[in-house]
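Novice: prediction below, plus the sequence it came from.
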Amino acid sequence: MHYGMPRREFLLGMGVAAVTAVSSFPHEKVWAAEALYPPMDLSYFDTPISPGPSDIHFGYAAITWGGNDRQAIADIAALGFHGIQLRANVIKEFGSATELRDLLEKHQLKMVALSSGGVRIDPALEGEEIAKHTANAKFVHDVGGLYLQVTDERPKDRAITAADYKRLARLISEIGKRTADLGVSLGYHNHMGSLGERPEEVEQILEAVDSRYAKLELDVAHYFQGGGDPARAIEKYSDRLLFLHVKDVEPSPQNADAKRPYRFVELGRGRVDLPAIFDALHKVNFRGWAIVELDVVPDETRTPKESGAISKKYLEEKLGVTV
């Protein structure tokens, strides 16, 4: 049988018990308990927390070494950089992600990103593309890396349409959903010869992409060569920036047997306004990685490491940054 107590009597009894309990403590014990928790100034919580200052970490891309990644790792670490970007060839080069992770840890290098190659927008290849880049992201995860970089392949046999940009954006978003599940963020790399060659093309892609799953990996030299102002792009896409490629570019020498009208050079030796770029990064309080990149050494008398030293010297002596 259930026995109940009227609510009024129950509350009255609770109140009497509470008073009795408090009065049973000696006065000095109550005072001691109060002393353990002095009054707190909570005014701090009334003030909005402002964004932190710009905090840029510098890495270097292994592409300059032309596939000799073990040498690239040793040289980049010796130059004093703390991060590295590698290409997908390392997946076959190293027996396992563990082997690469151990080598990077030995040289105190962070794997910032893996270049995963171009995304083909042919609908018949969509499943294959998603699977390939997802597998590459799994490798990045296992090595302890941060980002996966993708570009795209611009169709060469027909005119580009608005549907192409939307199709690329949708496919990148689908890849980004899967890399996000692995804890790896996806960055779209604007690139000459791709759908994202010119600023207005980058804009169309970013308008269509799902910003939750794919960000912009801004290459300042490619953006400049495509007719854009990379410093303005940094301000425009400040909330979409994942990381950057910091590089320089100049017109190809007239006496050179060049395949294209431009060539990439060490920092400070080309036409990119690098001081304006770093001013913009500080203005938007960018906090993340800047990867110094040089596709190939422009002077055959220099080694990749010597070119890296030139760029590092420019950063430290001309821009006043610490690598």
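Specialist: Received the coordinates, thanks.
Novice: longest helix anywhere in the protein?
Specialist: Longest helix in the chain by number of residues (criterion: DSSP state H): helix 162-181.
Novice: quick one: residues in contact with the helix or strand following that helix.
Specialist: Using DSSP states H and E, the next helix or strand after helix 162-181 towards the C-terminus is strand 185-189. Here strand 185-189 makes contact (Cβ atoms under 8 Å, 6 or more residues apart in numbering) with 113, 115, 137, 146-151, 172, 175-176, 179-180, 196, 205-206, 209, 213-217, 219, 222, 242-243, 245. Any C-beta I mention is one placed from the backbone N, CA and C, and that applies to glycine too.
Novice: flag every buried residue along strand 185-189.
Specialist: 185-189 (16 or more other Cβ atoms under 10 Å).
Novice: tell me the angle the longest strand seen in the chain makes with helix 162-181.
Specialist: Across the chain, the longest stretch assigned as strand under DSSP state E is strand 110-119. Put simply, strand 110-119 runs at 150 degrees to helix 162-181, going by axes from the mean of the first three to the mean of the last three Cα atoms, to 10 degrees.
Novice: narrow the contacts of strand 185-189 to those in helices?
Specialist: The helices, defined by DSSP H, take in 137, 172, 175-176, 179-180, 205-206, 222 from the contacts of strand 185-189.
Novice: where along the chain do the helices fall?
Specialist: 7-23, 27-35, 69-79, 90-93, 97-106, 126-143, 162-181, 199-208, 220-225, 230-236, 274-283, 304-317.
Novice: so how far is the longest one off the chain centroid?
Specialist: The offset between the C-alpha centroid of helix 162-181 and the centroid of the whole chain comes to 17 Å, using Cα atoms, centre = their mean, to the nearest Å.
Novice: between strand 185-189 and that helix, find me the angle.
Specialist: Going by the same axes, to 10 degrees, helix 162-181 makes 150 degrees with strand 185-189.
Novice: what distance separates the start and the end of stretch 212-227?
Specialist: Its start and end residues considered, stretch 212-227 measures 28 Å (Cα to Cα, to the nearest Å).
Novice: from here on, call the first residue 287.
Specialist: Okay, residue one is now 287; in that scheme the one you just asked about reads as stretch 498-513.
Novice: next, the buried residues of that stretch.
Specialist: Applying 16+ other Cβ under 10 Å to stretch 498-513 flags 499-512 as buried.
Novice: buried ones among the ones in helices among the contacts of strand 471-475?
Specialist: The neighbour-count test (16+ other Cβ under 10 Å) marks 423, 458, 461-462, 465, 491-492, 508 as buried among the ones in helices among the contacts of strand 471-475.
Novice: ok, back up a step: give me the helices and strands touching the longest helix of the chain, please.
Specialist: strand 396-405, helix 412-429, strand 433-438, strand 471-475, helix 485-494 (3 or more Cβ pairs under 8 Å, 6 or more residues apart in numbering; DSSP states H and E).
Novice: need the winner for burial among those.
Specialist: Comparing the helices and strands packed on helix 448-467 on average neighbours per residue, with mean count of other Cβ atoms under 10 Å, the densest one is strand 433-438 at a mean of 26.
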